[in-house]
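> Okay, predicted coordinates and the sequence, questions at the end:
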Amino acid sequence: MSGIGEEVIEHELNVDPEVSLGKQKKRNFSIEKYEAIAARFIKEAHYPEWLSNEVLVKKSNGKWRMCVDFTNFNKCCSKDSFPLPRIDLIVDAMVGHKMLSFMDSYSGYNQIKMKKTDQEKTTFITDWGLYCYKVMPFSLKNAGATYQRLVNKMFKNQIRRSMEVYVDDLLVKSRELDQHIKDLREAFQSAIGKFPLFYGVRERNRSKSRETQSNNGDEVAHKLERSTKTGRQDCSSEQVCIL
């Protein structure tokens, strides 16, 4: 996964220089099977000034998400005051729209790269050594503000008009079906054409174990339009929009 280029956005850690460096002691942590789900997102660290502990959190689907306890480190970072949208205003903005499409970003935070000079500040301890993040992890302070900056930039021409965005949760809204297809196409083209964040529609057929993926905004919109025109959805397959 290539992620967002540094020229578009990257996450920078604004650490208070007056705060003494912090290294957590390693916690006793064991699990039968360690799933290196962050293998593409981390690298070995050699001379870190900060150390944090890893935490594996079991998700609702039974898979494991690797998180890091940045509690001590986050206390030393200044708060990013970039405003997040008010949820009540987003709800009010949905009134009167017959068509609503809700989308969730795929590995959203991990699409944003860490500033190279800040990567080793995210170092965490494992039984196999020290590792740090090459991409922005979920539990860093101000990560939400950085991601909000990205989606505001990505969908600036649609926000308030045909879209609402709250960090990695996206809503496309329209008053009629025909317009909704156009609004979805515009959103897909913005994401796919301008930023490498959108990975398209992934179609899974459970009975045939087949999976295909599209990276073309027009093709994504066409698939959705075709599904709506038939008036029915085959329960043996699903279409997943991955941002």
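Here it is on my side, so go on.
> Name the residues of stretch 4-11 that are buried.
Neighbour-count burial for stretch 4-11, counted by 16 or more other CB atoms under 10 Å, picks out 4, 8, 9, 10, 11. All C-beta spots, glycine's among them, are computed from the backbone N, C-alpha and C.
> Tell me the confidence at residue 45?
With respect to pLDDT, residue 45 has a value of 92.
> Equivalent analysis for residue 55, please.
If you check residue 55, the pLDDT there is 83.
> Checking the closest residue to residue 102 other than its chain neighbours next. Helix, strand or coil?
Leaving aside its sequence neighbours, residue 102 sits nearest to residue 171 (CB to CB, 6 or more residues apart in numbering; 5.7 Å). Three-state assignment for residue 171 (DSSP: H, G, I helix; E, B strand; the rest coil): strand.
> Relative to residue 96, how far out is residue 171?
For residue 171, the distance to residue 96 equals 14 Å [CB to CB, to the nearest Å].
> higher neighbour count, the two?
residue 171 (18 against 7; other CB atoms under 10 Å).
> And the contacts of stretch 120-128?
Stretch 120-128 has contacts (CB atoms under 8 Å, 6 or more residues apart in numbering) with 13, 15, 24, 26, 34, 45-54, 68, 70, 73, 114, 130-133, 137, 140.
> Neighbour count says what about the residues you listed? Which are buried?
In those, the ones that pass as buried (16+ other CB under 10 Å) are 13, 15, 24, 45, 48, 50-54, 68, 70, 73, 114, 131-133, 137, 140.
> now, which of the residues you listed lie within helices?
residue 73 (DSSP state H).
> show me where this structure has helices.
Under DSSP H, the chain gives helices at 71-74, 87-93, 143-154, 177-194, 217-230.
> Now do the shortest one: which elements does it pack against?
Put plainly, it is helix 71-74. strand 52-58 (3 or more CB pairs under 8 Å, 6 or more residues apart in numbering; DSSP states H and E).
> in the sheet, who's paired with residue 169?
For residue 169, the beta-bridge partners under DSSP bridges are residue 104, residue 166.
> Relative to residue 11, how far out is it?
Taking CB to CB, one finds residue 169 at 19 Å from residue 11.
> The residue nearest to residue 102 and residue 162, how far apart?
Look at residue 171 and residue 162: by CB to CB, they are 9 Å apart.
> what does residue 154 give?
The value you get for residue 154 to residue 162, if CB to CB is used, is 14 Å.
> Which of these two has more residues huddled nearby?
residue 154 (24 against 21).
> pLDDT at that one, what is it?
For residue 154, pLDDT reads 91.
> Wait, it touches residue 190, no?
Yes. Contact between residue 154 and residue 190 holds when scored by CB atoms under 8 Å: they sit 6.0 Å apart.
> Burial check on residue 115, number of neighbours?
Quick note: residue 115 (other CB under 10 Å) scores 13 neighbours.
> Quick check: closest non-adjacent residue to it.
Per CB to CB, 6+ apart, closest to residue 115 is residue 12, 4.6 Å.
> Unless I'm misreading it, that neighbour sits right up against residue 119, doesn't it?
No. If you go by CB under 8 Å, residue 12 and residue 119 don't touch, sitting 10.9 Å apart.
> Pick out whichever of these two has more residues nearby.
Of the pair residue 12 and residue 119, residue 119 is the one with more neighbours under other CB under 10 Å, namely 20 against 14.
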